[in-house]
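Asks: Coordinates for the following, if possible.
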Amino acid sequence: MPPAAILRHPSLDATPATPPASGLADADTLVRFRGVQKTYDGESLVVRGLDLDIRRGEFLSLLGPSGSGKTTCLMMLAGFESPTAGEITLNGQPITRTPPHKRNFGMVFQNYALFPHLSIADNVAYPLTVRKVPKAQVAERVAKALAMVQLTGRDQRYPSQLSGGQQQRVALARALVFEPQLVLMDEPLGALDKQLREHMQIELKALHRQLGVTFVYVTHDQGEALTMSDRVAVFNDGEIQQLDAVDRLYETPSNRFVAGFVGDSTPLAGSLGAITGHAVQPGSQCELRLAGGARLTGINVNGVADGTAVLASVRPERIEVRVEPDALGQPNTLPAEVDDVIYFGDHLRLRCRIAGQAPATVKLPLSGVAHPQVGQRIGLHIPTPFLRVYA
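Replies: The predicted structure follows:
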């Protein structure tokens with residue numbers, strides 16, 4: 001029997017019930033946070049009124065800067081922290097007062113938390129041993145778990161004899177060997193070098209797809225979250241700023257914070273102007289008035305009123321460089337001067353100066369377009385759908 005069949009939780013194979021008329025179907029919801037708050041001093045809230053549904057079988061990342069509340073959220077789910085207010089449910093049953101060892105969740109930490117005096121086999125077997133699983137089953141499950149993370153033949157080594165990436169695989173095997181319905185990971189790749197971290201991201205994503213177990217993953221690395229996740233919850237100041245599929249999160253940020261935190265962006269400050277015949281509402285077209293008189297058409301994300309001071313944002317790869325003589329007369333095109341051209345291996349990055357604005361970043365492919373030189377005056381064309389204007 002393949003590892004996926006051994007380690008897949010039985011509940012994941014159940015036929016889902018007919019969903020209710022509105023909202024997320026209960027059969028699709030594994031974990032639910034409702035009105036969850038956390039404070040450590042009785043005053044400042046680390047987590048503020050959190051409402052969050054975690055879907056069965058999904059890979060959900062909690063993304064945000066240090067102090068944003070993402071790790072506290074994970075620790076409350078694990079049972080290592082208790083909510084100050086609100087309720088957490090698992091399969092519809094409250095677990096807020098259930099101790100961590102009775103929640104039966106797999107856990108992977110950044111520091112691996114392996115026992116240095118135990119062999120790899122004994123480290124992986126530990127969750128089964130404390131659950132009093134028969135020895136014959138323990139050996140079989142450990143062998144299958146190590147095969148799943150590509151560590152067959154290393155079972156009698158010790159953690160100090162393995163690389164960082166191999167130790168992380170051991171920690172993952174230990175978290176999965178007892179067939180949990182939920183695996184929690186707290187920045188597990190943070191201690192690895194860039195190349196190994198990117199390799200492990202691909203392996204984790206493939207493993208999740210193979211097993212179908214629910215993964216909840218905490219990270220401050222936006223690239224990591226976008227690479228692996230089905231959905232990402234972006235945290236800031238104790239609140240979720242946006243919860244969305246990775247493509248929507250990147251292409252359609254819901255506010256200034258998400259636009260600036262997730263991926264690279266080029267900001268443009270100005271004031272909002274209404275367009276004749278267009279209602280001022282979220283998602284409508286609007287005019288961005290920049291200092292110096294330039295006018296651009298963009299998307300009024302928050303539905304703010306005419307004359308409001310705003311900040312617009314555009315992804316650097318969505319900006320088109322125009323070098324032809326009449327470029328500056330074209331719609332939605334700004335005059336700029338190239339300050340720097342930086343080679344990144346797979347693309348070029350331009351640093352451009354726009355009057356009255358912060359330096360603009362533009363990403364260009366290595367082939368297929370003209371490559372401007374430092375000091376050259378160019379036009380930066382921004383297609384309307386990709387210029388998002390925020391209050």
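
Asks: residue ranges with poor pLDDT in the protein?
Replies: For the chain, the stretches with pLDDT under 70 are 1-25, 276-279.

Asks: for it, longest helix please?
Replies: Longest helix in the chain, counting residues (DSSP state H): helix 194-211.

Asks: Could you measure from Val262 over to Ala233?
Replies: Distance, Val262 to Ala233, using Cβ to Cβ, to the nearest Å: 12 Å. Using the backbone N, CA and C atoms, a C-beta is placed for each residue, glycine as well.

Asks: Now do the shared contacts for those two.
Replies: By Cβ atoms under 8 Å, 6 or more residues apart in numbering, Val262 and Ala233 have these common neighbours: Leu63.

Asks: returning to what we had before: any idea which helix or strand comes after the longest helix of the chain?
Replies: Proceeding N to C from helix 194-211, the next assigned helix or strand is strand 214-219, under DSSP states H and E.

Asks: I'd say Leu272 and Val301 touch.
Replies: No. In this structure, Leu272 is not within contact of Val301 by Cβ atoms under 8 Å, at 10.6 Å.

Asks: Go ahead and flag the most central residue of the protein.
Replies: The centroid of the chain falls nearest to Ala225 when counting by Cα atoms, centre = their mean (3.1 Å).

Asks: now that residue, what's its secondary structure?
Replies: helix (DSSP: H, G, I helix; E, B strand; the rest coil).

Asks: who touches it in this structure?
Replies: So Ala225 contacts Ser61, Leu63, Tyr217, Thr219, Val232, Val246 (Cβ under 8 Å, 6+ apart).

Asks: any idea what sits nearest the second one, other than its immediate chain neighbours?
Replies: Leaving aside its sequence neighbours, Leu63 sits nearest to Ala225 (Cβ to Cβ, 6 or more residues apart in numbering; 4.4 Å).

Asks: Tell me how far the residue at the greatest distance from the centre of the chain lies from Gly379.
Replies: For the chain, the largest distance from the centre (Cα atoms, centre = their mean) belongs to Pro325, which lies 42.0 Å off. Distance of Pro325 to Gly379, given as Cβ to Cβ: 10 Å.

Asks: Enumerate every residue touching Pro100.
Replies: Ala78, Gly79, Phe80.

Asks: In contact with the second one, which residues are there?
Replies: Translated: Gly79. Ile95, Thr98, Pro99, Pro100, Arg103.

Asks: So the protein: which segments form each domain?
Replies: Per the record, the chain has its domains at 3-105+180-251, 264-390, by automatic domain parsing.

Asks: Using CSV, lay out those domains together with distance to Leu146.
Replies: Converted to CSV, those look like this (distance: least, Cβ to Cβ, whole Å):
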stretch, distance to Leu146
domain 3-105+180-251, 9
domain 264-390, 35
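
Asks: Secondary structure class of Ala312, three-state.
Replies: Of the three states, Ala312 takes strand under three-state DSSP.

Asks: give me the number of residues near it?
Replies: 25 (other Cβ atoms under 10 Å).

Asks: which residues sit in contact with it?
Replies: Pro267, Leu268, Ala269, Gly270, Leu288, Leu296, Gly298, Leu387, Arg388, Val389, Tyr390.

Asks: Show me what counts as buried in stretch 73-93.
Replies: Residues 73-79, 81, 83, 86, 88-90 are the ones in stretch 73-93 that count as buried (16 or more other Cβ atoms under 10 Å).

Asks: do stretch 151-167 as well
Replies: Buried positions in stretch 151-167, judged by neighbour count with 16+ other Cβ under 10 Å: Leu151, Arg154, Asp155, Tyr158, Pro159, Leu162, Gly165, Gln166, Gln167.

Asks: So the third one sits against Leu146, correct?
Replies: Yes. Counting by Cβ under 8 Å, a contact exists between Asp155 and Leu146, whose distance comes to 5.9 Å.

Asks: Sort out for me which of the buried residues of stretch 151-167 are in helices.
Replies: Among those, the ones falling in helices (DSSP H) are Gly165, Gln166, Gln167.

Asks: between the residues you listed, which is closest to Lys132?
Replies: Relative to Lys132, the closest of those is Gln167; by Cβ to Cβ it sits at 26.6 Å.

Asks: quick revisit: does the residue farthest from the centre of the chain count as helix, strand or coil?
Replies: Of the three states, Pro325 takes coil under three-state DSSP.

Asks: Common neighbours of Asp155 and Leu146, please.
Replies: Common contacts of Asp155 and Leu146, defined by Cβ under 8 Å, 6+ apart, comprise Ile120, Ala121, Val124.
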